[in-house]
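**Q** Here's a sequence, model it:
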Amino acid sequence: DDSGAKGDWITNKYNALTFLGTADRFATVNILIDGKTIGVTTADADGNWNFDISRNLSDNVYKITVESIDPLGRTSSVDYQLTIDSFTPIPTVMLHDSADSGVKGDMITKINTPLFTGMAEANAKVSIYVDGVLSGEAIAGDDGVWNFQFTTALSDGSHDVTVKVEDIAGNTASSSAYNFQIVTQTQKPTIELVNDTGVDNTDHIINEKNPALTGTAAPYSTVKLYIDGALIAEVRTNKDGRWEYTLKADQGLVDGDHRITASVEDIAGNIAHSDPFLISVDTAISIPIVSLSPDSDSGISDDNLTNIVKPTLHLKDIDPDIISVQVWDAASDTQIGVATQQPDGSWAYTFTSDLTEGLHQVYVKVEDIAGNKANSAVFDFTIDTTVSTPVISLLSKDDTGVTGDNLTNINKPGFAISGVDADAHRGVVQ
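**A** Alright, predicted model coming up:
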């Protein structure tokens with residue numbers, strides 16, 4: 001009946017206890033509990049005796065007195081302290097604070113040799129099982145606290161820890177399973193533009209000073225964003241591991257190249273860094289200027305009059321990163337054609353069909369690689385391919401004799417010239 005450690009007078013048996021002992025041959029043995037006699041027995045010829053307690057004893061500490069009276073009437077007695085302990089509390093188990101890396105209390109750690117702790121009955125033996133396999137033992141302190149440090153690394157993933165305790169009375173109890181995760185690696189964060197403006201949506205050239213950024217990392221991680229080495233924001237990933245951040249008004253980027261990086265700390269406390277993500281901000285575009293090419297500007301230069309029915313337009317102030325130059329008719333607001341870059345780097349457009357006589361109005365639309373757009377001012381020019389035949393006659397004052405016979409006696413006559421077009425700029429009398 002002496003459960004647990006033998007000889008310590010601590011037992012978890014509370015009913016039908018049997019006491020054994022020795023005394024003088026044929027001595028009378030009285031058994032007392034807390035000073036009250038509960039029974040009498042007699043030692044045999046060898047001095048051995050035993051006694052069964054018929055009543056149940058509740059959990060407590062008792063004083064057991066054994067009195068012996070030998071056949072000659074001599075008496076002796078001895079006292080013992082009996083502890084009845086039929087129950088031990090359910091033990092607890094959890095990661096120790098020092099081993100709970102990252103978010104406290106989430107049962108996720110990056111430490112693969114974690115320290116566990118818990119509560120049990122004082123001085124109880126604690127057996128620790130991981131995934132059903134005994135991993136080690138500990139002894140609870142006088143305050144009931146126990147600790148166990150793994151010395152062999154646990155694999156990444158989910159694990160169940162249970163503990164079984166046995167107190168000094170031999171009572172046992174087991175904890176419920178404590179599930180935790182070992183995560184020693186985290187994924188490298190990524191960075192992308194939400195809107196990569198311009199024709200190429202993968203060139204990282206944008207016309208926005210406050211772009212929206214997005215990317216991936218481990219779910220529920222903390223992501224710190226840096227632009228050109230300066231911390232600009234701290235965001236959290238969602239359950240799918242995605243994050244997003246739009247630069248605030250006071251965080252606008254100047255035109256030029258910028259280097260964006262991210263560092264991430266996952267819920268287990270693991271840290272990883274992204275590769276640099278390079279972007280170029282370009283929000284400026286020049287306004288193009290349209291004129292007639294010198295080769296198409298017949299007659300007086302820069303008068304926007306020409307007799308060439310398929311003239312060439314010359315375009316100025318076209319930025320180097322322009323990717324589209326369209327020529328539009330201003331009157332109908334329809335596209336006429338697309339200008340091309342010349343070997344010398346300039347841009348030009350030559351009409352492919354004969355233009356009609358009269359006024360023409362055109363303008364140019366340009367777009368650069370970042371997606372910036374601009375329109376030129378409307379350019380007016382006139383096609384003029386005809387000229388009237390002038391008429392020359394004597395001035396009436398110099399037409400002597402018969403009028404209109406083109407005969408005169410004035411040797412330095414004056415002439416009248418008519419039928420001259422309004423846009424004529426020079427005449428020669430021969």
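**Q** Can you tell me the centre-most residue of this structure?
**A** Nearest to the mean C-alpha position of the chain, counting by C-alpha atoms, centre = their mean, stands Trp243 at 3.8 Å.
**Q** How much space separates Lys104 from Met119?
**A** Applying C-beta to C-beta, to the nearest Å, the value for Lys104 to Met119 is 19 Å. C-betas here are computed from N, CA, C, even on glycine.
**Q** These two: who's more crowded?
**A** More neighbours surround Met119 than the other of Lys104 and Met119, with 20 against 8 (other C-beta atoms under 10 Å).
**Q** Give me the domain ranges for this protein.
**A** With domains defined by the TED database, the chain comprises 10-84, 92-182, 190-281, 289-383, 387-429.
**Q** Could you export those domains to TSV, including columns for mean pLDDT?
**A** Putting those into TSV (pLDDT from 0 to 100) gives the following:
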stretch	mean pLDDT
domain 10-84	89
domain 92-182	96
domain 190-281	97
domain 289-383	96
domain 387-429	77
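**Q** Which residues does the helix or strand harbouring the residue nearest to the centre of the chain contact?
**A** Taking DSSP states H and E as the definition, one finds Trp243 inside strand 242-246. The contact list for strand 242-246 (C-beta atoms under 8 Å, 6 or more residues apart in numbering) reads 194, 210-217, 223, 225, 233, 235-237.
**Q** Quickly run through the sheet partners of that strand, with directions.
**A** With DSSP bridges as the test, strand 242-246 is paired with strand 212-216 (antiparallel).
**Q** buried set for the strand it pairs with?
**A** Buried positions in strand 212-216, judged by neighbour count with 16 or more other C-beta atoms under 10 Å: 213-216.
**Q** And for stretch 181-196?
**A** Across stretch 181-196, burial judged by 16+ other C-beta under 10 Å covers 182-184, 186, 189-191, 193, 196.
**Q** how far away is Lys164 from Ser174?
**A** Distance from Lys164 to Ser174, counting by C-beta to C-beta: 5 Å.
**Q** Now do the shared contacts for these two.
**A** Common neighbours of Lys164 and Ser174 are listed as Pro91 (criterion: C-beta under 8 Å, 6+ apart).
**Q** So between these two, which is more surrounded?
**A** Remark: of Lys164 and Ser174, Lys164 carries more neighbours, 18 against 13, as counted by other C-beta under 10 Å.
**Q** Which secondary structure state is assigned to the more buried one?
**A** At Lys164 the chain is in strand, as set by DSSP: H, G, I helix; E, B strand; the rest coil.
**Q** in the sheet, who's paired with it?
**A** Beta-bridge partners for Lys164, by DSSP bridges, are Ser127, Ser174.
**Q** I'd say it and Ala120 touch.
**A** No: if you go by C-beta atoms under 8 Å, Lys164 and Ala120 don't touch, sitting 9.7 Å apart.
**Q** Find the residues that touch each one of the two.
**A** Common contact partners of Lys164 and Ala120 (C-beta under 8 Å, 6+ apart): 91, 126.
**Q** quick one: contacts for Leu193?
**A** Taking C-beta under 8 Å, 6+ apart, we find Leu193 in contact with 204, 206, 211-214, 279.
**Q** Buried ones in stretch 288-295, by neighbour count?
**A** Buried residues in stretch 288-295, defined by neighbour count with 16+ other C-beta under 10 Å: 288, 290, 292-293.
**Q** Would you confirm that Asn60 contacts Ile84?
**A** Yes: the pair Asn60 / Ile84 is scored as a contact, 5.8 Å apart, by C-beta under 8 Å.
**Q** neighbour count winner among those two?
**A** For Asn60 versus Ile84, the count of surrounding residues by other C-beta under 10 Å is larger for Ile84: 19 against 11.
**Q** Distance of the more buried one relative to Asn171?
**A** Applying C-beta to C-beta to Ile84 and Asn171 gives a distance of 11 Å.
**Q** any residues in contact with both of those two?
**A** Here Ile84 and Asn171 share the contacting residues Asn12, scored by C-beta under 8 Å, 6+ apart.
**Q** Just checking: what are the partner strands of the helix or strand where Ile392 lies?
**A** For Ile392, the host element (DSSP H and E) is strand 391-394. Under the criterion DSSP bridges, strand 391-394 sits next to strand 415-418 (antiparallel) in its sheet.
**Q** Gly136 sits in which helix or strand?
**A** Per DSSP H and E: strand 133-139 holds Gly136.
**Q** Can you mark which positions in that strand are buried?
**A** By neighbour count on 16+ other C-beta under 10 Å, the buried set for strand 133-139 is 135, 138.
**Q** Ramachandran angles for Ile323?
**A** Main-chain dihedrals, Ile323, degrees, to the nearest 10: phi -120, psi -10.
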